[in-house]
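Undergrad: Sequence and predicted structure below; questions after.
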Amino acid sequence: MARILDGKILSEKIKNNLQIEIKELKKKNIFPGLAVVLVGDDPASKIYVGSKEKACRELGIHSKVFRLGKDAAEKEILELLESLNADKEIHGILVQLPLPKHIDEKKIIEAIDPKKDVDCFHPENVGRLMVGNGQIFPCTPAGVMEILKEYNIEIAGKDAVVVGKSNIVGKPMAAMLLNAGATVTVCHSKTTNLKEKILGAEILVSAAGKPGLITVDMVKPGVVVIDVGINRNAEGRLTGDVDFEKVSRVAGAITPVPGGVGPMTIAMLMKNTVVAATRIYE
Ligand code: GUN
């Protein structure tokens, strides 16, 4: 049976440390503030934004959520971002993705001040990440790296496979594993011979968003499996991309869903907000 990589416990530990750090910052008159922009009524996005608000409350981070209707004009969002960029009480800005189809996502992301870009989605921050000079890291891949560190999982020299090539998870995850010395293969929906490639993995990160994609015949015994998928099954229960029950019998270590990467993403967002607040006053 695989070792369970518990992201819930680790995220609580990180948040407890942040809470102490935030108290210290407040003594120096630094009150970390996060603005979250939610456009439209995507049910999953509403839940994520609610969890981010709750985490801010628990940690003592000042948070403001801006809820705009699904027909909001691009100009309205750009104007809001301009005012948040100039707002001294706001250190982190996050625009929840996906945005409605009529909005140009790239344009919106580029309108965020890179110093306040706590998602690390702005091309300037993505570029720094690529060249190994990142000061802030995208929340989900950063959460995965923290899990690997906490459980002393060696990365350098390992064969890693990332399934998914999104800008939010797959691409930055591949860059971070590469910067840490892994040999990285990135698979996606057009990849041929997926099974053969995944079988080569010593570290497997699945961020495909497809329940049941990773089956036991696709993994090498002893593999470290990080399941980034957050899907709902037919009964409405949360499940990852991995057939946990069977894969956990052959893997060396595995993250559960829920309780794996999910809570780490929020903890990393809180950390990035604190980092942004401290850096702005440097
Ligand atoms: N949508 C899904 N994940 C994320 C995330 O980490 N940040 C933002 N802004 N939107 C998302």
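TA: Received the coordinates, thanks. Residues are numbered from 1 along each chain as shown.
Undergrad: where in the stretch 51-200 of the chain is pLDDT low?
TA: Judged by pLDDT under 70, the stretch 51-200 of the chain has no weakly predicted residues.
Undergrad: Name the residues of it found near the ligand, please.
TA: 94, 95, 96, 97, 119, 139, 140, 168 (C-beta under 6 Å from any ligand atom). For glycine as for every other residue, the C-beta is placed from the backbone atoms N, C-alpha and C.
Undergrad: Whichever residue of the stretch 51-200 of the chain sits closest to the ligand in helix, strand or coil?
TA: Nearest residue of the stretch 51-200 of the chain to the ligand (C-beta to the nearest ligand atom) works out as residue 97 at 3.8 Å. On the three-state scheme (DSSP: H, G, I helix; E, B strand; the rest coil), residue 97 is labelled coil.
Undergrad: cool, and residue 225?
TA: Per three-state DSSP, residue 225 ends up strand.
Undergrad: I'd like to know how many residues surround it.
TA: By the criterion of other C-beta atoms under 10 Å, residue 225 has 26 neighbours.
Undergrad: what's the answer for the one 5 residues further on, then?
TA: For residue 230, the neighbour count with other C-beta under 10 Å is 21.
Undergrad: My read is that it contacts residue 241, right?
TA: No. Under the criterion of C-beta atoms under 8 Å, residue 230 makes no contact with residue 241, lying 9.1 Å away.
Undergrad: Mutual contacts of those two, please.
TA: Common contact partners of residue 230 and residue 241 (C-beta atoms under 8 Å, 6 or more residues apart in numbering): residue 209.
Undergrad: And the residues of the stretch 51-200 of the chain next to the ligand, which two are furthest apart?
TA: 95 and 140 (15.7 Å; C-beta to C-beta).
Undergrad: mind listing the strands for the stretch 1-150 of the chain?
TA: Ranges of strands within the stretch 1-150 of the chain are 3-4, 33-39, 62-68, 92-95, based on DSSP state E, counting those that start in this stretch.
Undergrad: mind listing what the residue nearest to residue 26 when sequence neighbours are not counted touches?
TA: Nearest residue to residue 26, sequence neighbours excluded (C-beta to C-beta, 6 or more residues apart in numbering): residue 60, at 7.3 Å. Residue 60 makes contact with 19, 22, 23, 26, according to C-beta under 8 Å, 6+ apart.
Undergrad: any chance of those in CSV, plus neighbour count and distance to residue 277?
TA: Shown next, in CSV, are these (neighbours: other C-beta atoms under 10 Å; distance: C-beta to C-beta, whole Å):
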residue, neighbour count, distance to residue 277
19, 15, 14
22, 19, 9
23, 11, 13
26, 12, 10
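Undergrad: Take those residues and keep only those in helices.
TA: If you go by DSSP state H, the contacts of residue 60 have 19, 22, 23, 26 in helices.
Undergrad: Make CSV out of these and add distance to the ligand.
TA: Listed next are the ones in helices among the contacts of residue 60 as CSV, based on distance: C-beta to the nearest ligand atom, whole Å:
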residue, distance to the ligand
19, 21
22, 21
23, 26
26, 26
